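S.K.: Need the 3D shape of this:
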Amino acid sequence: MAHAMIEMPPLQYAQVNGIRMGFYEAGPKTDKLPVVLCHGWPEIAFSWRHQIKALSEAGVRVIAPDQRGYGATDRPEKVEDYDIENLTADLVGLLDHLKIDKAIFVGHDWGGFIVWQMPLRHPSRVAGVIGVNTPHTPRTASDPIGLLRKRYGDHLYIAQFQDPERRADKIFDGNIEKTFDFFMRKPMPQKKAPEAGEGPPAAGLGASPKLNMAFPQMVAGYDNKLDPREKILSPEEMQVFVDAFKVSGFTGGINWYRNMTRNWERSAHIDHTVRVPSLMIMAENDAVLPPSSCDGMENIVPDLEKYLIRDSGHWTQQEQPGEVSAKIIEWRKRRFG
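M.R.: Numbers count the residues shown, from 1 in each chain. Sure, this is the predicted structure:
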């Protein structure tokens, strides 16, 4: 890839919810409805570099944090400090710091789970929600980790992340370059759409039970010389991720997964209906979060628009950056003026 790497705006810091959060901001401060971009695992705000540039150039005020446990942001020791209550409160704290009343929240991967929770927990601060690949799903009838183990087995990366010995963290921490070389690629060209899971998504995961998702072992045994998949990052871009995770390690981000049972236990009282304008951006070839995992979302997101991005795997905003940016800008303008 010959493109020059996009420069991020200057790193800023905010004290939010008991931690220091690093974030990036661009676009006019006079813009009435800022857009907050929330990354997934294992990523950082840099994942949104294309959208930060495109949205700010289109006159949109855009804010992208390194979330709790990642990049320039603090990494508390206690696992429960990474529960959904804290992750959503961090974003409220960021709005408070910037003296912003309401924002549109955009989330990819784990960031998607967070942004769908924002209108449920902090409705006065949310104008709209955009999910990228990650659907909003009803609260499961039982512990989601149990459901995931039953459907995908104990090798599933999310099940492995529950291990108190933290063996997965150690594998990724010891193989940082390999981890990003393995993950940050386009899927092989598909003859047909990824196979859907049987029945509705288990805890939001719509992947086929046949899909191997033993990511720690796949990274440990990875040989990039045998990998025909196309890279989505230039060496310079890859280095930004590698350098960030050399400092932070993977445990902070993995701790989000270690709260899935706790989040489930503590959310029985919450109405899961999202009552703000919402957009669901789906990626045609994301095997872990296929478009089929968004089936039925209308039942709990009444004001929902769906948009399919073709020829994209999981890393949608980096694989098809122009289309993602254009859709966010178009939807915001149409729905909010």
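
S.K.: which stretches of the stretch 101-250 of the chain form helices?
M.R.: 110-121, 144-152, 157-160, 167-174, 176-183, 215-220, 235-248 (DSSP state H, counting those that start in this stretch).

S.K.: of all those helices, which lies closest to residue 285?
M.R.: helix 176-183 (14.8 Å; CB to CB). Quick note: C-beta positions are derived from backbone N, CA and C, even for glycine.

S.K.: Now tell me what touches the closest one from outside.
M.R.: Contact with helix 176-183 is made by 42, 172, 215, 218-219, 222, 224, 227, 231, 233, 238, 241-242, 245-246, 250, 315, as judged by CB atoms under 8 Å, 6 or more residues apart in numbering.

S.K.: I'd like the distance from that helix to the chain centre, please.
M.R.: 18 Å (CA atoms, centre = their mean, to the nearest Å).

S.K.: Just the buried residues of that helix, please?
M.R.: 176, 178-183 (16 or more other CB atoms under 10 Å).

S.K.: Put together a markdown table for those residues, with distance to residue 289 on each row.
M.R.: Shown next, in a markdown table, are the buried residues of helix 176-183 (distance: CB to CB, whole Å):
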| residue | distance to residue 289 |
| --- | --- |
| 176 | 24 |
| 178 | 23 |
| 179 | 19 |
| 180 | 19 |
| 181 | 21 |
| 182 | 18 |
| 183 | 14 |
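
S.K.: Nearest to residue 122 among the residues you listed?
M.R.: The closest of these to residue 122 turns out to be residue 183 (CB to CB; 30.7 Å).

S.K.: Return the distance of residue 211 relative to residue 286.
M.R.: 11 Å (CB to CB, to the nearest Å).

S.K.: more neighbours, those two?
M.R.: Taking neighbours as other CB atoms under 10 Å, residue 211 and residue 286 compare with residue 286 leading, 25 against 15.

S.K.: list the contacts for the more buried one?
M.R.: Taking CB under 8 Å, 6+ apart, one finds 133, 187, 194, 312-314, 316 in contact with residue 286.
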